[in-house]
Each structure stands twice: as C-alpha cells, then as structure tokens.
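> Sequence plus the predicted model coming up.
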Amino acid sequence: MTARITFESGRETCVGYLYGDQAADPRTCIVMCQGFGGTQDTPAFTANAEDAAAAGHLVLTFDYRNLGESSGLPRQLVHIAGQLDDIAAAVAYVRRHPGVDPDRIVLWGTSLGGGHVITAAARDPRIAAVIAQIPYNGFPRKVEGRSTAATLRLLKAMVVDAVRGALHLSPSYVKQVGLPGELAVMASAEAQQTIDGLTSATWRNEVAPRSLLDMWRYKPGDHARFVAAPTLICIGKHDKETQAPQAAQLAEQAPRAELRTYPYAHFDFYRDDIRRQVLADQLGFVSRVIDT
C-alpha cells in the first residue's frame, strides 16, 4: 500500500509517499533521504522503500524542496539548510501519523542524504536509529579520475552560477553525472552506466552548480558526536565520490556507531543485487536496536 502525502516545510510544500500498511498498530517508521540531486522515484530508492515496507515497517520517502514533485525555485538547486529543514518537517509529519510510534523513527540516507541524517539526528535526540549509506562527509581533496583542468572548469561554473544567483538570475546548469572529461558534478564511466539504466519521471541530469559552494562548507562530521541514537555507517571500499576514509570518520565520531565496509564503489550500492544485500544488513540493524 502506497499513499501520496504532502507536508509543509517553511514556505515550501514537500511531496512524499508513505509505504506500508497504515491500518496496523503504531510501529517503526523509516524516513528515507535521497542523495545529491536525487528524487524519490528513482528505481533503487523506491525498491528499498518497498522492501522495507514488506519487512513490516512504515516508510516515508519525499522530495527535497526545488527537486522532483516538491515546490521551490529555482529548480534543481541543492540547498543544504533547506534540505535539513525538509527532513525535520518529514519527521514531524510521521510523528503525528497514527500508524507510527513517534519514538521509533529511523533516519535512512544515502550519499549526501547519508550525511544529512547524521546532522538531522544530532539535532533531534528522539530519533531512534540512523542508517548512513555511503555518506557524504565533506569534499575529498582529490577525486580519482578528475583532471586539474576538469576541476577548474567545474569551479568556474560554480562561481559563474553563484554570481547569477546573487543577481537573482536563473541557474546556468551543469550535468549531475557525465563521462570522464565532461563538465559534470560526478564524471566517471561507472556513474554514467548507472544513469543510463535509470527510469524516473522526475529525475533530471542537471543541477545548479552554485549548490556545490553550499556543500563545500558542509561537513556532517562536525555534528556526529551529538548523535545519541544507534548509528550504522555503510561505506564502499572503492567509493570515489564519498571516499571511505572520510565516510568512516563518522563512525569514529558518533558515540554509538557501527561501521560496515563493502567491497564496492559508490554507484554499486544502487545495483539491485548489492542493494538487496546491503538493505538486508540495514534492516537487521533496525531489528536489533529497535524492534527487539
């Protein structure tokens, strides 16, 4: 059973989908948070929601402001503070839902969303558990496969778009994902192969590059020591985008964290066979720390 819902976050309206039997007794709810520029209707994300609901949980997915079905202008802008507000509003929504135990809410996030759930849980001591999958914890010093020239092109695009933003002009978009050498936030053959097979009505392979300046100042590890909930950090040994050493720091900083390392790259976590393996570990963690 899936129901389309809306909730307010500041001046914006976020659209979400609630998965699971809403007539059952109050129980655990998993609030799922997408990665950089992601939308809730991408295949791996919806598959995780469906599988977690089939395991007996309620699951809420939603689109951040400026993305997907949610409101907000300009479109395709990743706004860190706004997204954290959206997560808090999503949690407030499910806490009021009659099918949810308000003290059994799990934050689940992937990539940038994996960083967000650390920050969000640090701000909300009632969160029951946190799952951070391939979490963002600041930009790596060097992205394997990205040349200095490509980095400078992206930096130029960021600055130009930031100036356009300051002048209240529309964004000068770049690709979210591209092939090596292309002007894109993530440029690799592995990333391109992933989106080549993507079927989504709302995901767009473009983003306002001014978003990256916002991310530059953001490091979820600054908040990890304030997370009171049990936390599972799932990282990829061969991850080029959210690199393992930085992501693993979250497990060192969060007081009740566990670390699981998988022999995969960043986009492998969205392949169905690997997705199922990792989700099984994550749902096992939920059962162990909350449902027993």
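On my side now, so go ahead.

> didn't Phe267 look like it was pressed against Thr194?
Yes - using C-beta atoms under 8 Å, Phe267 makes contact with Thr194 at a distance of 4.2 Å. The C-beta positions use only the backbone N, C-alpha and C, and glycine is treated the same way.

> Between those two, point out the one with more neighbours.
Phe267 (24 against 21; other C-beta atoms under 10 Å).

> Give me the pLDDT for that one.
Phe267 carries a pLDDT value of 91.

> Please apply the same query to Leu183.
pLDDT, Leu183: 90.

> Also the one 3 residues further on?
The predicted structure scores Met186 at 85 on the pLDDT scale.

> Leaving out chain neighbours, which residue sits closest to it?
Nearest residue to Met186, sequence neighbours excluded (C-beta to C-beta, 6 or more residues apart in numbering): Val177, at 5.0 Å.

> you'd agree that neighbour is in a strand?
Yes - secondary structure of Val177 (DSSP: H, G, I helix; E, B strand; the rest coil): part of a strand.

> Now for it: which residues touch it?
Listed by C-beta atoms under 8 Å, 6 or more residues apart in numbering, the contact set of Val177 reads 184-187, 191-192, 194-195, 205.

> Now do the helices in the stretch 151-292 of the chain.
189-196, 211-216, 244-253, 272-289 (DSSP state H, counting those that start in this stretch).

> Including distance to Ala132 and mean pLDDT, could these go into CSV?
Converted to CSV, those look like this (distance: least, C-beta to C-beta, whole Å; pLDDT from 0 to 100):
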stretch, distance to Ala132, mean pLDDT
helix 189-196, 20, 71
helix 211-216, 16, 92
helix 244-253, 6, 94
helix 272-289, 10, 97
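
> would a markdown table of those helices with distance to Phe62 be doable?
Listed next are the helices of the stretch 151-292 of the chain as a markdown table, based on distance: least, C-beta to C-beta, whole Å:
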| stretch | distance to Phe62 |
| --- | --- |
| helix 189-196 | 21 |
| helix 211-216 | 19 |
| helix 244-253 | 23 |
| helix 272-289 | 19 |
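
> which other residues reach stretch 50-58?
18-22, 27-30, 32, 59, 94, 97, 99-100, 106, 276, 279, 283, 286.
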